[in-house]
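[1] missing the sequence, but the structure's below:
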């Protein structure tokens, strides 16, 4: 009984490597902003965009996607803040982004937002900021 299942799993892996199916996606590599000078530069010179859940400041980069996600204690406790960060990171991985550096600031409304709302709000903020 385990043999057919193993063959089925092997077939799925091989088929996803050779061609992309309709349900698969290419996840982008995200880097975090780690230096304080990058956050300050984005705050002072970044192009702004807002949605009802997120604020965004961004600058073009030569290569790579560097993102800093800011969630204050006003949004909720540590569990809520980390959930928001995970949802934002996953939404950004699934987007086809040009090389950029960005900071994303979560509003308290982000605590109640489901994943589809997070994606929609990020796309709205990026559209307003002129990312794509």
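    Yes, it's here. Just so we're clear, the structure is a prediction, and the values are computed from it rather than from any experiment. Numbers count the residues shown, from 1 in each chain.
[2] Helix or strand for residue 96, just tell me which one.
    Here residue 96, judged by DSSP states H and E, is contained in no helix and no strand.
[3] Which pLDDT does the model give it?
    Note for residue 96: predicted pLDDT of 91.
[4] Please work out which helix or strand belonging to the chain has the smallest mean pLDDT.
    Within the chain, no helix or strand scores below helix 2-18, which has a mean of 43 by mean pLDDT, DSSP states H and E.
[5] need the next SSE after that helix, C-terminal direction.
    Going down the chain from helix 2-18, the next helix or strand is strand 30-32, by DSSP H and E.
[6] those helices in the chain, which residues are they?
    With DSSP state H, the ranges of helices along the chain come out as 2-18, 36-45, 78-94, 115-129.
[7] Burial-wise, tell me which of those comes out on top.
    helix 115-129 (a mean of 18; mean count of other C-beta atoms under 10 Å). All C-beta atoms are positioned from the backbone trio N, CA, C, and that covers glycine.
[8] Please compute how far that helix lies from its chain's middle.
    Its chain's C-alpha centre and that of helix 115-129 lie 10 Å apart, by C-alpha atoms, centre = their mean, to the nearest Å.
[9] I'd like the average pLDDT over that helix.
    Helix 115-129 carries an average pLDDT of 96.
[10] Determine which residue lies closest to the centroid of this structure.
    residue 92 (2.2 Å; C-alpha atoms, centre = their mean).
[11] wait, isn't that residue in contact with residue 123?
    No. Assessed by C-beta atoms under 8 Å, residue 92 is found out of contact with residue 123, at 10.6 Å.
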